[in-house]
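[1] Sharing a model that was predicted from the sequence below.
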Amino acid sequence: MPMVNLHPHPLLYIIMTSFIYVTSSYATPEIKQADTRIDLETARVIYHDIQQTRVLDALVEAVNKATVSAQTSGRVSKIYFDVNDYAKKGDVLLRLRDKDQQAKLKVTQADYNQALTEFNRAQELYTKKLIARSIVDKAESVLKSTSARLEQAQENLEHTVVRAPYSGIMVKRHIEAGETAQPGAALFTGLSLESLRVAVNLPQDIINQVRLHKSARIRLIDNENKILTSSSMTISPYADADSHTFLVRVNLPEGDHKLYPGMAVKVEFILGSNKVLMVPASSIIHRSEVTAVYVMDDNQKLTMRQIRAGSTTDDNLVEVLAGLSENEQVTLDPISAVRYLKEQQ
């Protein structure tokens, strides 16, 4: 039985394989990937001069706070102001009974007029050489004595009218109408709202830096966005023996800052400056307990790197304590950085 050749003719094999290749090329055309590369905005990690500060608790107090006392004796006849009343400088706060002072003034005025007449007469006679010089000197001495007593009597009469030493609010009244005031007795306690300051106890470890820079920022506890800057302050020359702190009074700038005595505020003292690495706050991401940034190297390769962050400035810059070096590039948009990483993969 003749053998059958199962292998196709070589020429036929070439034609068949060529046909299959062409057919498969048309059946599965090549799909080109679209270029989805994302342009990332980056920022360079550089050193910034950052002010070193210390924030402490403080209380607002009035610069002018005083207790008005009686400077002559007398019974209170009329009171014109009470607690929480506002008095202008020179306003009459109260009046004392002044009959005794009026009587003494009249007697002293008569004595003065008599002494003045005697002195003028003695001087005239001395000019005519009718009396000795000693008589003129004696008359002059009597005139000076009565003049001093007259001034004292006039002052005692004026002290029966008690006036406000400055504009302010009455915070306490120490006497009632009808009571008798003695010299030195407290009458009113008042304070002025025109001049305010904050008092703070400064720790001894920063006293030298505060003395050197003398710069402070006052922040309200309920409104930390409102900042008052002051370079006028009074620093105690000695420390408290128990707390080892220095009393510092920072004067507030003029104007109505909606601050009142007794309010609590925060005082930020400038201690100096230091160079630290900073990155924009927008470049930082938080994953659970991890704080990181996306770093772009010179080959456009993006990696996530953990860092240790410090304080944040008012310009939304975050201090980098560890994890980055100067001149490295970090992305400003972490969401776009994640898309960029997927594209790399």
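    Nice, I can see it.

[2] Helix, strand, or coil at Gly310?
    Following DSSP: H, G, I helix; E, B strand; the rest coil, we place Gly310 in the strand state.

[3] So it sits against Glu319, correct?
    Yes: using Cβ atoms under 8 Å, Gly310 is in contact with Glu319, at 3.2 Å. C-betas here are computed from N, CA, C, even on glycine.

[4] Those two: which has the busier surroundings?
    Higher neighbour count among Gly310 and Glu319: Glu319, with 17 against 14, using other Cβ atoms under 10 Å.

[5] which secondary structure elements does the helix or strand where the more buried one lies contact?
    Using DSSP states H and E, Glu319 falls within strand 317-322. Helices and strands touching strand 317-322, as assessed by 3 or more Cβ pairs under 8 Å, 6 or more residues apart in numbering; DSSP states H and E, comprise strand 264-280, strand 308-312.

[6] Could you check the angle the shortest one makes with strand 264-280?
    By that I understand strand 308-312. Comparing the axes of strand 308-312 and strand 264-280 via axes from the mean of the first three to the mean of the last three Cα atoms, to 10 degrees yields an angle of 130 degrees.

[7] so how far is strand 308-312 from its chain's centroid?
    Relative to its chain's centre, strand 308-312 lies at 24 Å (Cα atoms, centre = their mean, to the nearest Å).

[8] Ok, the longest one next?
    Centroid separation for strand 264-280 versus its chain: 14 Å, with Cα atoms, centre = their mean.

[9] For it, name the packing helices and strands.
    Secondary-structure packing of strand 264-280 (3+ Cβ pairs under 8 Å, 6+ apart): strand 46-62, strand 196-203, helix 207-213, strand 216-220, strand 317-322.

[10] got any ranges where the stretch 151-300 of the chain has weak pLDDT?
    Within the stretch 151-300 of the chain, the set of residues satisfying pLDDT under 70 comprises 223-225.

[11] Going along the chain, name the strands of it.
    With strands called from DSSP state E, counting those that start in this stretch, the stretch 151-300 of the chain shows them at 161-163, 168-173, 180-181, 186-191, 196-203, 216-220, 227-230, 233-235, 245-251, 264-280, 285-287, 290-296.

[12] So for Thr72, which of the ones you listed sits nearest?
    strand 180-181 (8.1 Å; Cβ to Cβ).

[13] Now for Gln306, how many residues are close by?
    Residues contacting Gln306 under the criterion other Cβ under 10 Å number 11.

[14] which residues touch it?
    Neighbour list for Gln306: 290-292, 323 [criterion: Cβ atoms under 8 Å, 6 or more residues apart in numbering].

[15] hmm, try it at 10 Å
    By Cβ atoms under 10 Å, 6 or more residues apart in numbering, the residues touching Gln306 are 287, 290-293, 322-323.

[16] Now that we have those, which of them are buried?
    Among the contacts of Gln306, those classed as buried by 16 or more other Cβ atoms under 10 Å are 291-293, 323.

[17] pLDDT on stretch 314-334, on average?
    The average pLDDT within stretch 314-334 is 83.

[18] So which bits of that stretch are buried?
    For stretch 314-334, burial by neighbour count (16+ other Cβ under 10 Å) applies to 317-320, 323-324, 328-334.

[19] Likewise for stretch 199-209?
    Here stretch 199-209 shows 200-202, 206-207, 209 as buried, counting by 16+ other Cβ under 10 Å.

[20] One more: stretch 249-265?
    249-252, 259, 261, 263, 265.

[21] For the residues you listed, give me JSON lines that also has distance to Glu140.
    Output for the buried residues of stretch 249-265, formatted as JSON lines (distance: Cβ to Cβ, whole Å):
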{"residue": "Arg249", "distance to Glu140": "51"}
{"residue": "Val250", "distance to Glu140": "56"}
{"residue": "Asn251", "distance to Glu140": "51"}
{"residue": "Leu252", "distance to Glu140": "55"}
{"residue": "Leu259", "distance to Glu140": "58"}
{"residue": "Pro261", "distance to Glu140": "53"}
{"residue": "Met263", "distance to Glu140": "60"}
{"residue": "Val265", "distance to Glu140": "62"}
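
[22] and which of the residues you listed is nearest to Ile221?
    Comparing the buried residues of stretch 249-265 against Ile221 with Cβ to Cβ places Val265 closest, at 6.4 Å.

[23] how near is the closest one to Leu247?
    As defined by Cβ to Cβ, to the nearest Å, Val265 lies at a distance of 16 Å from Leu247.

[24] related to what we said a few turns ago, what I need now is the helices and strands packed on strand 264-280 written out in TSV, including distance to Val136 for each item.
    Formatted as TSV, the helices and strands packed on strand 264-280 follow (distance: least, Cβ to Cβ, whole Å):
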stretch	distance to Val136
strand 46-62	55
strand 196-203	58
helix 207-213	63
strand 216-220	66
strand 317-322	87
